[in-house]
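*Asks:* What shape does this take:
(chains A and B)
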Amino acid sequence: MKRLIAGLPFIAAVIFGVFFLWGLNPDRDPNEIPSVLISQPAPAFDLDPVPGLETPGLARSDLVGNERPVVVNVFASWCVPCRAEHAVLTRFVEREGMRLFGINYKDKPEDAVKWLNDLGNPYERIGSDLSGRTGIEWGLSGVPETFIVDGDGTVLFRYVGPVVGPDAVERFTQALKQAGALPKGAAS
Amino acid sequence: MRQLIFAFCIGLFPFAANAVEPDEMLTDPVLEQRAREISKDLRCVVCQNQDIDSSNAGVARDLRLLVRERLVVGDSDAEVIEYIRARYGDYVLLKPPLEPATYALWFAPIAFVLIGVFVGGGLLMSRRKQEAFEDLGSEDENTVSEILRQNEAGDAS
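*Replies:* Reported below is the predicted structural model:
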C-alpha cells in the first residue's frame, strides 16, 4: 500500500508528461474544427451568378450527377490567401482536369469580376453568396475553404484554409486521387 | 470638478464588451432576450473561446442574425441551437452535450473526487487504527513507569 502511494506522484507525472507531449506535437492544429459535413450530403443552396460575369450561378443540383467528384472552392477577392490559392487551383484545372466550382463569399460583384479578370477564371460555375448564408450551410469558418463533392452529392473532403505550399498541395492531391476526382491518364 | 466626478463614476460602471449591434437587434424584447441567451451558448467558429454574443467576427454576426431569424420564424430555443449544430457540429456548443463520447468529460471530475476521498480516507483510517491498537508490551510499560517515577523523584529534590 505504501509503495503504491509513493508511486502516485510518479504515475501522475507520467500522465501529465504524455498529455504535454501530445500538446507539443507540431502537427496538431488546435484551431482545427472537425467538419460535420464529411460523408454527409452537401447542403441545399441555390446561388445566382455574379453580376457582370458570364459564368453561370451555382446550385446544389449542379454538384449532383457528375461523372467524377467535383471541387467546390469558397473564395473572395478581399481574401489575400485566395490569391495564392487561385494559382494552385488553376493549375489543377488546366493540367490535371479537375472540375472546379466556386462560391464567391460576401464579395462585391465588381471586385469579384475584376479579380477574376486579372487572375483568370478557372471556375465552371460561380455562385454569389452575398449574405454569407450559404457559407453557414456549408459550416464555413473562413475563406478560403475547399470541398470535394461526390457525384451523388456527398461531401468527401474538406480543406480549411488555402491549398498553398507543398504539404497542403500533397494532402489535397491525395484527397483528389482517393475520391477519383481526376480523370485517368491525366498528366501529373 | 463636477464633470470630473461624473466621468469617474461612469468609469466605474463595468461596460460589457458588446458585439451585438443595434441593427441586428429584434424589436420584440422577449425574442431579443432569448436570442441573447442562445448566443451566449454558441461558440464563435473563428475566435474559438468566445461566444458569438460577444464576438466581432463576421461569421459570428451572421450566426447572430441567423439565430434571430429562426426565432422570428417561430423556432424554440432548442430548435435554433439544433439548426446551428447541424451545420457546425457539437463544436459550436459551449456546453458539451451529455452523450457516450463525452462521458469521460462529465464524469471524470466526480470520479477523481471519489477516488481521492476513498484513497485519502482509507489512508487516514488505517493510520488511526494503528495508533489505537498499538499497545506497549508489559516490559516497556514497566520501563516507562520506572523512568517517570525517577523523574518525579528528581523534581521533588
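*Asks:* Can you name the helix or strand that the residue nearest in space to the middle of chain A falls in?
*Replies:* In chain A, the residue lying closest to the centroid (CA atoms, centre = their mean) is residue A:146, at 1.9 Å. For residue A:146, the element it lies in under DSSP states H and E is strand A:145-149.
*Asks:* residues near residue A:43, how many?
*Replies:* For residue A:43, the count of nearby residues is 16 (other CB atoms under 10 Å in any protein chain shown). From N, CA and C alone the C-beta is placed, and that goes for glycine too.
*Asks:* mind listing what it touches?
*Replies:* A:37, A:60, A:134, A:137-138, B:87 (CB atoms under 8 Å, 6 or more residues apart in numbering or on different chains).
*Asks:* returning to that earlier point: pretty sure the residue nearest to the centre of chain A contacts residue A:81?
*Replies:* No. The pair residue A:146 and residue A:81 does not pass the contact test of CB atoms under 8 Å, sitting 11.6 Å apart.
*Asks:* so how many other residues sit close to residue B:11?
*Replies:* 9.
*Asks:* Over to residue A:70?
*Replies:* Applying other CB under 10 Å, we find 22 residues neighbouring residue A:70.
*Asks:* okay, the residue nearest to it when sequence neighbours are not counted: pLDDT?
*Replies:* Of all residues not flanking residue A:70 in the chain, residue A:99 sits nearest, at 4.4 Å (CB to CB, 6 or more residues apart in numbering or on different chains). For residue A:99, the model assigns a pLDDT of 95.
*Asks:* Would you mind measuring from residue A:99 to chain B?
*Replies:* Distance, residue A:99 to chain B, using CB to the nearest CB, to the nearest Å: 25 Å.
*Asks:* Count the neighbours of that residue for me.
*Replies:* With other CB under 10 Å as criterion, residue A:99 counts 21.
*Asks:* what residues does chain A put near chain B?
*Replies:* A:1, A:5, A:31, A:33-36, A:43, A:106, A:131-133, A:135-142 (CB under 8 Å from any CB of the partner chain).
*Asks:* Please name the strands paired to the strand holding residue A:146 in the sheet, noting orientation.
*Replies:* Using DSSP bridges, strand A:145-149 pairs in its sheet with strand A:70-75 (antiparallel), strand A:155-160 (antiparallel).
*Asks:* List the contacts of that strand.
*Replies:* Under the criterion CB under 8 Å, 6+ apart, residues A:37, A:42, A:63, A:69-74, A:89, A:138, A:155-161, A:163, A:172, A:175-176, A:179, A:181 lie in contact with strand A:145-149.
*Asks:* circling back to that earlier point, mean pLDDT for the strands paired with strand A:145-149 - can I get that in CSV?
*Replies:* Below are the strands paired with strand A:145-149 laid out as CSV (pLDDT from 0 to 100):
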stretch, mean pLDDT
strand A:70-75, 96
strand A:155-160, 92
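*Asks:* before we move on, back to that, generate a PyMOL selection restricted to the buried subset of the residues of chain A next to chain B.
*Replies:* Filtering the residues of chain A next to chain B down to the buried ones (16 or more other CB atoms under 10 Å in any protein chain shown) takes a single PyMOL command:
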select buried, chain A and resi 33+35+36+43+106+132+135+136+137+138+139+140+141+142
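*Asks:* Take the residues of chain A next to chain B and keep only those in helices.
*Replies:* A:5, A:133, A:135-137 (DSSP state H).
*Asks:* closest to residue A:168 among the residues you listed?
*Replies:* residue A:135 (20.9 Å; CB to CB).
*Asks:* which residues touch the closest one?
*Replies:* A:74, A:103, A:105-106, A:129, B:59, B:62.
*Asks:* Model confidence for it, exactly?
*Replies:* Looking at residue A:135, the pLDDT reads 93.
*Asks:* coming back round to it: biggest separation within the contacts of residue A:43, which pair?
*Replies:* Largest pairwise distance in those, by CB to CB, is 14.5 Å, between A:60 and B:87.
*Asks:* Near the closest residue to residue B:26 other than its chain neighbours, how many other residues are there?
*Replies:* Among residues not flanking residue B:26 along the chain, residue B:32 sits closest, at 4.4 Å (CB to CB, 6+ apart). By other CB under 10 Å, the residues close to residue B:32 number 16.
*Asks:* surely the residue nearest to residue A:70 meets residue A:62?
*Replies:* No. Using CB under 8 Å, residue A:99 is not in contact with residue A:62, being 10.3 Å away.
*Asks:* Report the contact partners of residue A:71.
*Replies:* By CB under 8 Å, 6+ apart, the residues touching residue A:71 are A:89, A:92, A:98-101, A:146-149, A:176, A:181.
*Asks:* From the residues you listed, pick the one nearest chain B.
*Replies:* residue A:147 (13.6 Å; CB to the nearest CB).
*Asks:* what's around the closest one, how many residues?
*Replies:* 25.
*Asks:* hey, what's the nearest residue to it once chain neighbours are set aside bridged with?
*Replies:* Leaving out its chain neighbours, the residue that sits closest to residue A:147 by CB to CB, 6+ apart is residue A:72, at 4.5 Å. Residue A:72 forms beta bridges with residue A:101, residue A:147, as assigned by DSSP bridges.
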